[in-house]
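*Asks:* following is a predicted model, sequence given first.
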Amino acid sequence: MKKKIIKVSSQLSKQEFTLTVDEKLNQLKGKILAPKKLAEANKALQKLGNKHS
């Protein structure tokens, strides 16, 4: 597992932060899975709500 370490300095809080980025997560860029699943779940819930009304 390859990880990239990025150091960021905040001028507002005068602190330095270290971010660790997993390269596997970068492969998911452009793949929009969560909004599709959320839309599917909302449609299913609407169907269930309409049946009980």
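*Replies:* That came in fine, so what should we check first?
*Asks:* make it CA atoms for all contacts and neighbour counts henceforth
*Replies:* Noted.
*Asks:* number of residues surrounding the residue lying closest to Thr20 once chain neighbours are set aside?
*Replies:* Spatial nearest neighbour of Thr20, chain neighbours left out: Ile5 (4.6 Å); criterion: Cα to Cα, 6 or more residues apart in numbering. The number of residues packed near Ile5 is 11, by other Cα atoms under 10 Å.
*Asks:* ok, Ile5 - contacts?
*Replies:* The contact partners of Ile5, taken as Cα atoms under 8 Å, 6 or more residues apart in numbering, are 18-21.
*Asks:* what's the spacing between the residue nearest in space to the middle of the chain and Ala41?
*Replies:* In the chain, the centroid-proximal residue (Cα atoms, centre = their mean) is Ala34; its distance is 7.8 Å. Ala34 is 10 Å from Ala41, where distance means Cα to Cα, to the nearest Å.
*Asks:* now do the shared contacts for these two.
*Replies:* In contact with both Ala34 and Ala41: no residue, using Cα under 8 Å, 6+ apart.
*Asks:* so Val21 bridges to which residues?
*Replies:* Assessed by DSSP bridges, Val21 has beta-bridge partners Lys4.
*Asks:* which element follows the helix or strand bottoming out on mean pLDDT in the chain toward the C-terminus?
*Replies:* Least confident helix or strand, the chain: helix 23-26 with a mean of 73, by mean pLDDT, DSSP states H and E. Following helix 23-26 in sequence order, the next helix or strand is helix 34-52 (DSSP states H and E).
*Asks:* quick revisit: max pairwise distance over the contacts of Ile5: which two?
*Replies:* Thr18 and Val21 (9.9 Å; Cα to Cα).
*Asks:* any common contacting residues for the two?
*Replies:* 5-6.
*Asks:* where in the protein is pLDDT low?
*Replies:* 1, 26-33, 51-53 (pLDDT under 70).
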